[in-house]
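K.L.:
let me see the structure of the following:
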Amino acid sequence: MIIDLPNTTTKLIETSLARVRESHSLATGRVLTLLVAVDEDSELLDDTLSTLRDASFEHPARVLVLVSGDPAKESRLDAQVMVASNAGASEVVVMHLRGELTQHLGAVVTPLLLPDTPVVSYWPGAAPKRPAEDQLGHIAQRRITNIRGASRDGSLAELAAGYTPGDSDMLWSQITPWRGILASALDRFPEHTITGAEVAGAPGDPSVDLAAGWLADSLDVEVTRCDEHISGFPIAHTIIHTDGGDVEVVAEGEYTVRISVPDMADSRVAMGERTDAECLAEELRHLGPDAIYGNALNGLGKVRHA
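P.N.:
This is a model prediction of the structure:
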């Protein structure tokens, strides 16, 4: 169900949400308020709404999507209230902003925040260099960026420079399955000294660099980042050098990885590239600061590029 509210106000939006809940007996148990910022000239809006709808089944929320248009035009707010099948398990308000309103996003969303629930900000495309200092980031406990959607050079370095506890990026949850598999492989080969590591993956892919940073910080060894073309999951292979031999995790095709541990038979497990909805759902499972992500960013300085 979609309700159009042209040239409206936040008070009328809240009134419309209340009427919809009352007339359609919709559940009111929202676990958080999710603030989403998208530029009007971006092509991300449709994909973002699809991602939000899919992620909502695990995290029902009030989702406020702010679409910023031309700041030079006359101030105007046009909104769409989406519920039921159009919004998944959430209630979604898409607000198209023009004029001076684009400079005051924090004030626009404040009357619509759910009381006594966490606030999360999400930038599916271009994001501020310091999310915690942005208007939407300032009122959020958790701030999620997506440098894959931003398509900007040096974005990973900017994430590290602008990091504040509570920040995260979709890249981090993209490599969660790989991190789990690698940790499990090392658990099978304990009591050996790790002397170095190599991570190979798609050239220029920041998720591979972030994976290398995580290893460098976690293992406190030099990590070499190599380029290797591969389809599907971005990390082609990982080698952990120890005094007892090498532990390897190698991608075989788009959905399978091989695990090799010295003195043991090789094993294979399923692993593929995750969707944005899966990554966003994972990010929303923990609303406190992710110290390990921050450490992975710090570890980027210990990575050597081959």
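K.L.:
residues near the closest residue to residue 254 other than its chain neighbours, how many?
P.N.:
Distance criterion CB to CB, 6 or more residues apart in numbering; nearest residue to residue 254, sequence neighbours excluded, is residue 232 at 2.9 Å. All C-beta atoms are positioned from the backbone trio N, CA, C, and that covers glycine. When counting by other CB atoms under 10 Å, one arrives at 15 neighbours for residue 232.
K.L.:
quick one, phi/psi of residue 232?
P.N.:
Dihedral pair for residue 232: phi 90, psi -130, per degrees, to the nearest 10.
K.L.:
from residue 166, how far off is it?
P.N.:
31 Å (CB to CB, to the nearest Å).
K.L.:
now swap in residue 99 and tell me
P.N.:
Taking CB to CB, one finds residue 99 at 31 Å from residue 166.
K.L.:
with residue 105 instead?
P.N.:
Where residue 166 is concerned, residue 105 sits at a distance of 18 Å (CB to CB).
K.L.:
and the strands in the stretch 201-306 of the chain?
P.N.:
Per DSSP state E, counting those that start in this stretch, the stretch 201-306 of the chain carries strands over the ranges 223-227, 235-242, 245-251, 256-260, 267-270, 303-305.
K.L.:
tell me which of those strands lies nearest to residue 30.
P.N.:
Nearest to residue 30 among the strands of the stretch 201-306 of the chain is strand 267-270 (33.5 Å), distances taken as CB to CB.
K.L.:
one step back: ranking the strands of the stretch 201-306 of the chain by burial, who's on top?
P.N.:
Stretch with highest mean neighbour count among the strands of the stretch 201-306 of the chain: strand 235-242 (a mean of 21; mean count of other CB atoms under 10 Å).
K.L.:
who are the contact partners of the spatially closest residue to residue 303 that is not a sequence neighbour?
P.N.:
Sequence neighbours aside, residue 212 is the residue nearest to residue 303 in space, at 4.5 Å (criterion: CB to CB, 6+ apart). Contacts for residue 212 (CB atoms under 8 Å, 6 or more residues apart in numbering) come out as 197, 199, 223-225, 299-300, 303.
K.L.:
flag every buried residue along stretch 64-75.
P.N.:
By neighbour count on 16 or more other CB atoms under 10 Å, the buried set for stretch 64-75 is 64-69.
K.L.:
about what we covered before: want to throw the strands of the stretch 201-306 of the chain into a markdown table with distance to residue 49 and mean pLDDT?
P.N.:
Output for the strands of the stretch 201-306 of the chain, formatted as a markdown table (distance: least, CB to CB, whole Å; pLDDT from 0 to 100):
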| stretch | distance to residue 49 | mean pLDDT |
| --- | --- | --- |
| strand 223-227 | 35 | 96 |
| strand 235-242 | 29 | 95 |
| strand 245-251 | 32 | 95 |
| strand 256-260 | 32 | 94 |
| strand 267-270 | 29 | 94 |
| strand 303-305 | 36 | 94 |
